[in-house]
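# Requesting a structural model of the entry that follows:
(chains A and B)
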Amino acid sequence: MTVVLKVEDLWKSYKKNEVLRGVTFSVNEGETKVIIGPSGTGKSTLLRCINLLVRPDKGRIFLDGEEITRPGINEARVRSRIGFVFQHFNLFLHLTALENVMLGLTKVKGMPKEKAEEAAKKALLSVGITEDLWHKYPAQLSGGQKQRVAIARAIAMNPRLILFDEPTSALDPELIGEVLKVMEKLAKEGMTMLVVTHEIGFAMKVADEVMFMDGGRIIERGPPQEVILRPKNERTRRFLSRIWELYDLGVRG
Amino acid sequence: MIDDILYIVERYWPLLLEGLKNTIIITAASYSIGVALGLSLALLRSYGPKALAAAVTAYVEAFRGTPMLVQLFIVYYSLPAFGIVLDPLTAAIVAIGLNSGAYQSEYFRGALAAIPRGQWEAALSIGLRKWAAVRYVILPQAWRVALPALTNELIYLLKYSSIAYFVTVPELVFMGKYIGSRTYMYLQVYTVITVIYVTLALTISEGMSRLERRLSVPGVSITGRGQ
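Below is the predicted model:
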């Protein structure tokens, strides 16, 4: 098994607030790992550290065996190899769906326009964004469509790994399914993924491992059947019982 | 009154035309300097090194905090002491351009700051470097946001170009004053000049809103419809 991502004893604090307190884990090629946990426990900060948007105070991160946290690293080059899907989509507002996907191909990878357009269309089709939507601006798309365009933007770059930061949390309930379906398909096709989410149904179905984070640490980890159905830790149990409650009511936050 | 106005236009139209030409030259040239300078200053202040950003702040405060007329006098009367001698028209263009740059940098700075943080993060996350992110993601949105303020500035400059009168540039107001002194029909002359200014301002306004509409993108432009 090839290790794509290795995170080693990661620490980060903002003033007196310790957000990450010694996080260690790794993701193998083709694996999908899911991180769950209450808000404010450092999940987003962790993803931002991996993408070098946030500098950790201590600890090291390796991508394909190369330490990306060392000083002097070419940050842009590292980021071009890691896809990032945001909670609030963050599509480029002045560009159409197609142009959103093309920008990285032409300006980062230096692809000629025709080739980039072809690759972008392929990526869009793979997430179910059909021709009628290619020339629409983000403001003209639904939340689910926006997030699928954002996923296409990430996969078109042909990354080693995609990070998902609560990709369905900003969506209306009836739009969550279409995004999860795309992510599931992506996982099945062998994309390496690290997903922060509250969608335990998705985690059950797709995750190779589920990690429960609280207070800046991973306090429980294992196969989804164990962590989600038979959590050992008291904190995990309490959190999941609340999520199950919502599931039973058919209401999702 | 109407007869007097017609008389002035008929008799003095070459002078009025010359004044109009100079007014347009001063406005267009100083506005162009202002846009280029304002954008550069705003970028430096927003994303440049700290020391440069502080220097830009000092520049902006100096030019916003003193009367434009004083700035014009300094450029025209004081720079020669340092070996820089400018003819009246150039001095007016330089002074008004430097002043406008300070104001426009603030419009651009506000527009840059109005772009959501997520746009930055997304731009960096696909592997764009800082200045590439500015060029391809931040600026195309920011200048659409700044456009209404830039229109405002252009119309301001059209009127402020008249201070060139104080350093003897024969622009519209200068010509008006001159024609008035020859005919003693001040009210009539200034009425003609008012009509010229208003027509120019309306033309600019209409042209800029056409530009805004053409560039408008749903969800980005302030004036864009269907947001």
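# How about the secondary structure of the residue nearest the centre of chain A?
Taking Cα atoms, centre = their mean, the centroid of chain A lies closest to A:Phe164, which sits 1.1 Å from it. Secondary structure for A:Phe164, judged by DSSP: H, G, I helix; E, B strand; the rest coil, is strand.
# and it, how far is that from B:Ala102?
According to Cβ to Cβ, to the nearest Å, A:Phe164 and B:Ala102 sit 45 Å apart. Glycine gets a C-beta too; all of them are placed from N, C-alpha and C.
# For residue 138, which non-adjacent residue is spatially closest?
The chain I'm using is chain A. Spatial nearest neighbour of A:Pro138, chain neighbours left out: A:Leu91 (4.1 Å); criterion: Cβ to Cβ, 6 or more residues apart in numbering or on different chains.
# meant chain B actually
B:Ile138's closest residue in space is B:Ile115 (Cβ to Cβ, 6+ apart), at 5.3 Å.
# Test my guess that the one you found contacts B:Ala142.
Yes. Counting by Cβ atoms under 8 Å, B:Ile115 touches B:Ala142, with 5.7 Å between them.
# ok, these two, which is more surrounded?
More neighbours surround B:Ala142 than the other of B:Ile115 and B:Ala142, with 27 against 21 (other Cβ atoms under 10 Å in any protein chain shown).
# Pretty sure that one sits in a helix.
Yes. Residue state for B:Ala142 (three-state DSSP) corresponds to a helix.
# Now A:Lys12: phi and psi?
Dihedral pair for A:Lys12: phi -150, psi 130, per degrees, to the nearest 10.
# Give the helix, strand or coil label for the nearest residue to it once chain neighbours are set aside.
Using Cβ to Cβ, 6+ apart and skipping the chain neighbours, the partner closest in space to A:Lys12 is A:Leu20 (4.2 Å). At A:Leu20 the chain is in strand, as set by three-state DSSP.
# What is the burial count for A:Leu20?
A:Leu20: 26 neighbours (other Cβ under 10 Å).
# can you tell me which residues contact it?
Going by Cβ atoms under 8 Å, 6 or more residues apart in numbering or on different chains, A:Leu20 touches A:Leu10, A:Trp11, A:Lys12, A:Ser13, A:Gly42, A:Thr45, A:Leu46, A:Cys49, A:Pro56, A:Gly59, A:Gly216.
# which residues does the fourth one contact?
Put plainly, it is A:Ser13. A:Ser13 neighbours (Cβ under 8 Å, 6+ apart): A:Val19, A:Leu20, A:Asp57.
# just the fifth one next, same as before
For A:Gly42, the contact set (Cβ under 8 Å, 6+ apart) comprises A:Lys12, A:Val19, A:Leu20, A:Arg21, A:Val23, A:Met213, A:Gly215, A:Gly216.
# out of these, which one sits closest to A:Ala170?
Nearest to A:Ala170, judged by Cβ to Cβ, of these is A:Met213 at 20.2 Å.
# where's that closest one relative to A:His135, distance?
Per Cβ to Cβ, A:Met213 is found 40 Å from A:His135.
# Which one's more surrounded, those two?
A:Met213 (24 against 11).
# quick one on the thing from earlier: would a markdown table of the contacts of A:Leu20 with secondary structure and pLDDT be doable?
Shown next, in a markdown table, are the contacts of A:Leu20 (DSSP: H, G, I helix; E, B strand; the rest coil; pLDDT from 0 to 100):
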| residue | secondary structure | pLDDT |
| --- | --- | --- |
| A:Leu10 | strand | 97 |
| A:Trp11 | strand | 96 |
| A:Lys12 | strand | 96 |
| A:Ser13 | strand | 94 |
| A:Gly42 | coil | 92 |
| A:Thr45 | helix | 95 |
| A:Leu46 | helix | 97 |
| A:Cys49 | helix | 97 |
| A:Pro56 | coil | 95 |
| A:Gly59 | strand | 96 |
| A:Gly216 | coil | 94 |
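# the helices in chain B, which residues?
B:2-47, B:50-64, B:68-73, B:88-114, B:117-125, B:130-133, B:139-160, B:172-183, B:186-215 (DSSP state H).
# most packed of these?
helix B:88-114 (a mean of 22; mean count of other Cβ atoms under 10 Å in any protein chain shown).
# Does chain A have contacts with it?
No. Using Cβ under 8 Å from any Cβ of the partner chain, helix B:88-114 never reaches chain A; the gap is at least 11.5 Å.
# any idea of the mean pLDDT for that helix?
Mean per-residue pLDDT for helix B:88-114: 96.
# Could you tell me the angle between that helix and helix B:139-160?
140 degrees (axes from the mean of the first three to the mean of the last three Cα atoms, to 10 degrees).
# Counting by contacts, list what helix B:88-114 packs against.
helix B:2-47, helix B:50-64, helix B:68-73, helix B:139-160 (3 or more Cβ pairs under 8 Å, 6 or more residues apart in numbering or on different chains; DSSP states H and E).
# Of the ones you listed, which is nearest A:Phe84?
helix B:139-160 (19.6 Å).
# how far is stretch A:113-127 from where the chain is centred?
Distance of stretch A:113-127 from the chain centroid (Cα atoms, centre = their mean, to the nearest Å) equals 21 Å.
# likewise stretch A:223-242?
With Cα atoms, centre = their mean, you get 21 Å for stretch A:223-242.
# Tell me the pLDDT of residue 27.
Going with chain A. So A:Val27 comes in at 97 (pLDDT).
# wrong one, I was asking about chain B
Value listed for B:Thr27 in the pLDDT field: 98.
# give me the element the residue nearest to A:Pro138 is part of.
In this structure, A:Leu91 sits in neither a helix nor a strand according to DSSP states H and E.
# Against which helices or strands is the lowest-mean-pLDDT helix or strand in chain A packed?
Between all helices and strands in chain A, the lowest mean by mean pLDDT, DSSP states H and E belongs to helix A:234-249, at a mean of 84. Contacts defined by 3+ Cβ pairs under 8 Å, 6+ apart place helix A:234-249 against helix A:200-206, strand A:209-214, strand A:217-222.
# again, 10 Å this time
Other elements packing on helix A:234-249 under the criterion 3 or more Cβ pairs under 10 Å, 6 or more residues apart in numbering or on different chains; DSSP states H and E are strand A:32-36, helix A:200-206, strand A:209-214, strand A:217-222.
# Go through those and name the closest to chain B.
For the helices and strands packed on helix A:234-249, the distance to chain B is smallest for strand A:32-36, at 18.1 Å, taking Cβ to the nearest Cβ.
# I figured B:Val145 hits B:Phe108, correct?
Yes. Using Cβ atoms under 10 Å, B:Val145 is in contact with B:Phe108, at 9.3 Å.
# what residues are up against B:Gly38?
For B:Gly38, the contacting residues are B:31, B:60, B:97, B:100-109, B:146, B:150, B:153, by Cβ atoms under 10 Å, 6 or more residues apart in numbering or on different chains.
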